[in-house]
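Asker: Kindly return the folded structure for what I paste below:
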Amino acid sequence: MIDKRIDSLTAAVADVFDGATIMIGGFGEAGSPIELIHALIDVRAKDLTVINNNTGSGHVGLAALIENGQVSKMICSYPRTLGSKVFPKLYRNGKIELELVPQGTLAERIRAGGAGIPAFFTATSVDTPLAAGKEHRHFNGRNHVMEYGLKADFALIKCKCADRYGNLTYNKTARNFAPIMAMAATKTIVQTGTLVEVDTIDPEIVVTPGIFVDRVIAISDPVQESKLIAEGMSYPC
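Answerer: Prediction:
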């Protein structure tokens with residue numbers, strides 16, 4: 001019988017290896033799997049390429065992973081936001097690499113990777129520095145830039161509800177990149193707010209089917225990134 005439940009955060013991320021590419025869900029705080037990220041800090045995997053919408057805030061979650069020296073490259077849309085302190089400093093000092101991707105293009109690159117589409121053309125970024133060195137083609141009177149699909153070794157995502165098969169539902173905006181990241185990763189690791197019995201989730205509302213999920217761990221009272229930041233917390237302490 002398929003049972004993807006796991007009861008240890010450390011065990012959930014134990015096989016993340018040095019040099020891995022990792023997709024991490026989240027739109028700012030919404031949907032960010034803080035506990036899984038902190039567990040990744042504890043296992044000390046390094047030289048990671050991380051794909052996320054931004055670069056984290058304060059000194060917890062993704063920002064803490066970066067600050068701990070474990071990330072060598074970020075692929076994201078918003079490397080500098082109101083609460084980002086760690087990444088901008090490291091980037092200015094040449095300590096971390098950045099691949100800047102428009103948000104819609106980022107989403108489509110991830111979706112394409114999960115769908116087995118190697119590349120696609122988009123008009124976004126034409127005539128900007130982001131298009132430099134990329135293949136261009138002309139369609140319907142407009143120039144387009146070729147972008148490659150994105151895949152990852154691991155995806156760390158957060159959901160609202162899961163069963164032991166790995167079927168997932170999400171909470172509103174917290175859904176964000178998680179479903180397409182689950183499809184684009186070789187191994188998907190999920191923290192869920194609620195773990196329910198099989199057949200409890202209506203199949204009509206399942207967003208991510210269990211076929212795309214490898215491990216599920218229940219975190220019934222997840223920490224809130226904004227609260228940790230407001231309290232001046234950092235990880236590891």
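
Asker: hey, let's count contacts and neighbours off CA atoms from now on
Answerer: OK.

Asker: Contacts for the top helix by length along the chain next, please.
Answerer: Ranked by residue count under DSSP state H, the longest helix found in the chain is helix 103-115. Residues from elsewhere that reach helix 103-115 (C-alpha atoms under 8 Å, 6 or more residues apart in numbering): 53, 76-77, 118-119, 122, 124, 147-151, 177, 180-185.

Asker: I'd like the next helix or strand past that helix.
Answerer: Note on helix 103-115: by DSSP states H and E, the next helix or strand toward the C-terminus is strand 119-122.

Asker: for this protein, what spans make up the helices?
Answerer: Secondary structure of the chain (DSSP H): helices at 9-13, 34-43, 61-67, 86-92, 103-115, 178-184, 225-230.

Asker: mind listing what's buried in the longest one?
Answerer: To tie it back to what came earlier, the one meant is helix 103-115. By neighbour count on 16 or more other C-alpha atoms under 10 Å, the buried set for helix 103-115 is 105-114.

Asker: What about the closest residue to residue 69 other than its chain neighbours, how many residues nearby?
Answerer: Nearest in space to residue 69, with sequence neighbours left out and distances taken as C-alpha to C-alpha, 6 or more residues apart in numbering, is residue 46 at 7.3 Å. By other C-alpha atoms under 10 Å, 20 other residues sit near residue 46.

Asker: give the contact list for residue 46.
Answerer: For residue 46, the contact set (C-alpha under 8 Å, 6+ apart) comprises 17-19, 69-72.

Asker: picking up where we left off before, can you say which of the contacts of helix 103-115 are buried?
Answerer: Taking 16+ other C-alpha under 10 Å as the criterion, what is buried in the contacts of helix 103-115 is 53, 76-77, 122, 124, 147-151, 177, 180-185.

Asker: before we move on, back to that, from the buried residues of helix 103-115, pick the one nearest residue 164.
Answerer: Nearest to residue 164, judged by C-alpha to C-alpha, of these is residue 114 at 22.5 Å.

Asker: mind checking how far the closest one is from residue 213?
Answerer: Distance, residue 114 to residue 213, by C-alpha to C-alpha, to the nearest Å: 13 Å.

Asker: okay, and the common contacts of the two?
Answerer: residue 182.

Asker: Contact partners for residue 171?
Answerer: Counting by C-alpha under 8 Å, 6+ apart, residue 171 makes contact with 159-160.

Asker: Against residue 237, how distant is it?
Answerer: Relative to residue 237, residue 171 is positioned 29 Å away (C-alpha to C-alpha).
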